[in-house]
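**Q** okay, sequence plus prediction incoming.
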Amino acid sequence: MRVVFVSIILIVVALLPAARAQPVNPDSLFTLAGKYRTDGDFNRSIAVCRQCLSIAQKNKDSLRIGNALIGIGIANDKKGKYEEALEYYFKALKVYGNIGNQVKVGGTLKNIGNTYRVLQRYNSASSFLLQALAVQQKEKDSTRIANILNDIGSVYYDQDSCAKALSYFKRTITAFNAHVTDEIRANVLNNIGLTYAKLKLYGEALRYYQPGLALMQKRNDQYGIALVLGNTGDLYYNMNNFSKALEYHLQNLAIVQKINSNELLQQSYNNLKRTYLALGNYKKAYEYQQGEMAIKDTIYKKQSILNYEEMQAKYQAEKSQQEIMLLQRDNQIATIELTNQRRTKYFLLTGIALTLILAVSLYRSYINKKRVNQELNHLNNKLAEANNSKVKLLSIITHDLRSPVSSLFNFLQLQKINSGKLNKEEREKVDRNISQSAENLLEAMEDILIWSKSQMEHFTPVREFCDVDELLDEIIHLNSPFAASKNIMLKKEVASGFSFYTDPNFIKIILRNLVSNAIKFTPPAGMVILASVQHNQVIDFSVKDTGQGIEPADLKNIFEWNSIRSDSSGLGLKLAREFTEKLGGTISVTSQKEQGTEFIVSIPRQKNEQDSRTIQ
């Protein structure tokens, strides 16, 4: 039995070093320190935070180093040791600033501001709280913003600016209601109650103290519970309800003695002293006065003011030095960025210039290529038109020359076969027909030769003054044999005695072909009217027949090669348009079925032409 017991002891002893070697979880220690602080056991909270600080320093964990320093500062703050609290707050602020944790920087600035408020250094308090607010607003942390607004309200309360204080307190629980924690809400309710009590609105004050106390009790916040109990006791004291005031102050003292807060203990002794004096219990009043004097909190504050100023000045100096270093670094970065921007700008400008040069070169190349292509297309079109003209010309020659040659041949055969049978009158008639056929053959050949000549370069009109009446007579005389053979009447309509400046040969070619074409498509016993009308700037010639008319679909291309058919029409219309254009004029056609067709040639007057010239 002894052997077994000894063995168990040896095993336990052997396991002890291993158990001690187990690493401690820092987060668990922070949680424990917070619990001690909430329970009012500030000394244990400080001890645990120092343990956390040692572990964090060993691990070079800057964030947890800052958290441990803040924990020690808060515990000292609650104990009323403000100099030590500020010392740790400023150390933590430096750590958080070095690692760039702005949320923690804002929280630490808030703690420093609140400590200066307790010390009645309101300018410093406002300065640090506003810095904290700016940081949290930049971080968009609504919960922390609400907490700081509550603290700023407390600064105004301490300076008797109750209206401003209430506006900050109420803004905290209205504008940021969804982001307010129970801890903040309890403090805000207590602060609103204090403000209404200062305004002697005691009923309103109690209405806020009661829910504030309930939240403190729910969180088991001993410091907060003691604070609200003391404030409620003050309220009843001011209402001259001294017995009720004594009840709350005694409850306050019981908690304060447990949590070891010098600040609250001094206030508690002072409140009980005043209450017992009001109740006439001078002995008790004297006892609590002695306790109040023993704490000497007020003397401590006055002696520590120089130390507080020294710490703040040191912090401001370090902050200024850091800002100078940051500005120097920012200037260096800005200089480098400016150099890079200039370099980038030069590269971009060079790239843009090269791109523009390339774009201009490509554009010019494109324009040149487009121009060359257009010229090639134009030449190809000309070549295609020339080939088409050649084919059409051959078909036209076979038709337009065949008729006059055939007529001439027939008349010659008739004269040869019946030379002895014809009387003098018949022979003269045959001779005239032979002569006319020869003339028609000559005219057809002239048309072809004229068209061929017109295709050559430097073929331009030779203008002179022409008598219009004589010009039309010549055209009618030239086409009379052809018209007579079809029993078609040729009629002239023109005002006598006017002339105009043009190329008469061009006009003859145009009108002769139009009249010839009209005779060709006019049935026997029909009529062809050749007319001319002068306007201010234009001379119009018209050729109108009483033929069958032209189909609307054929009117569009009547002057093109495709409309020329060797079995029905020759080169005449094509020649008419080309020669009209060479004179700077236009040619148009209108037609109605069963009523005939009318061609109108409009020739502009020339600048050196007189308005009219009478032929003597």
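**A** On my side now, so go ahead.
**Q** when you work out contacts or count neighbours from here on, use the C-alpha atoms and nothing else.
**A** Will do.
**Q** now the closest residue to Gln266 other than its chain neighbours: which helix or strand?
**A** Nearest non-adjacent residue to Gln266, counting by CA to CA, 6 or more residues apart in numbering: Glu292, 5.3 Å away. Under the criterion of DSSP states H and E, Glu292 resides in helix 282-295.
**Q** show me where the stretch 351-500 of the chain has strands.
**A** Here the stretch 351-500 of the chain has its strands, by DSSP state E, counting those that start in this stretch, at 464-467, 489-494, 499-502.
**Q** so which of the ones you listed is nearest Ser268?
**A** Of all the strands of the stretch 351-500 of the chain, it is strand 499-502 that lies closest to Ser268, at 131.1 Å by CA to CA.
**Q** adjacent strands (with direction) for the closest one?
**A** For strand 499-502, the paired strands and their directions (DSSP bridges) are strand 464-467 (antiparallel).
**Q** residues in contact with Ala56?
**A** Listed by CA atoms under 8 Å, 6 or more residues apart in numbering, the contact partners of Ala56 are Pro26, Ser62, Arg64, Ile65.
**Q** isn't the first one up against Cys52?
**A** This points to Pro26. Yes: the criterion here is CA atoms under 8 Å, and Pro26 meets it with Cys52 at 6.0 Å.
**Q** looking at these two, which is more packed in?
**A** Cys52 (26 against 18; other CA atoms under 10 Å).
**Q** and the helix or strand containing the more buried one, what's buried?
**A** Following DSSP H and E, the helix or strand that holds Cys52 is helix 42-59. Across helix 42-59, burial judged by 16 or more other CA atoms under 10 Å covers 42-46, 48-53, 55-56.
**Q** mind picking the two most distant members of the contacts of Ala56?
**A** The widest separation within these, taken as CA to CA, falls between Pro26 and Ser62 and amounts to 12.8 Å.
**Q** so what does the helix holding Glu292 touch, helix or strand wise?
**A** Packing partners of helix 282-295 (3 or more CA pairs under 8 Å, 6 or more residues apart in numbering; DSSP states H and E): helix 262-279.
**Q** pLDDT of the helix it packs on, averaged?
**A** Helix 262-279 comes out with an average pLDDT of 89.
**Q** give me the residues contacting that helix.
**A** Outside helix 262-279, the residues within contact range by CA under 8 Å, 6+ apart are 78-81, 226-227, 230, 234, 237, 242-243, 245-246, 249-250, 252-253, 256-257, 282, 284-289, 291-292, 295, 297.
**Q** looking at the strands of the stretch 351-500 of the chain, spot the one closest to Ser124.
**A** Taking CA to CA as the criterion, Ser124 comes closest to strand 499-502 out of the strands of the stretch 351-500 of the chain, the separation being 109.0 Å.
**Q** in PDB, list the C-alpha atoms belonging to the one helix or strand Ala165 maps to.
**A** Taking DSSP H and E as the definition, one finds Ala165 inside helix 162-174. Output in PDB follows, covering the C-alpha atoms of helix 162-174 (Å, rounded to 0.1, in the frame of the first residue of the first chain):
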ATOM      1  CA  CYS A 162     -26.400  71.900 -18.600                       C
ATOM      2  CA  ALA A 163     -28.200  72.600 -21.900                       C
ATOM      3  CA  LYS A 164     -25.200  71.600 -24.000                       C
ATOM      4  CA  ALA A 165     -24.600  68.600 -21.700                       C
ATOM      5  CA  LEU A 166     -28.200  67.300 -22.200                       C
ATOM      6  CA  SER A 167     -27.900  67.800 -26.000                       C
ATOM      7  CA  TYR A 168     -24.800  65.500 -26.100                       C
ATOM      8  CA  PHE A 169     -26.300  62.900 -23.700                       C
ATOM      9  CA  LYS A 170     -29.600  62.700 -25.600                       C
ATOM     10  CA  ARG A 171     -27.900  62.600 -29.000                       C
ATOM     11  CA  THR A 172     -25.900  59.600 -27.800                       C
ATOM     12  CA  ILE A 173     -29.000  57.500 -27.100                       C
ATOM     13  CA  THR A 174     -31.100  58.800 -30.000                       C
END
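**Q** wait, what's in contact with the residue lying closest to Lys273 once chain neighbours are set aside?
**A** The spatially closest residue to Lys273, leaving aside those adjacent along the chain, is Ala285, at 4.3 Å (CA to CA, 6+ apart). Taking CA under 8 Å, 6+ apart, we find Ala285 in contact with Leu272, Lys273, Arg274, Thr275, Tyr276, Leu277.
**Q** tell me, how many residues neighbour the residue nearest to Gln266?
**A** Other residues near Glu292 come to 20 when the count uses other CA under 10 Å.
**Q** look up phi and psi at Asp503.
**A** Note on Asp503: backbone dihedrals following degrees, to the nearest 10 are phi -90, psi 110.
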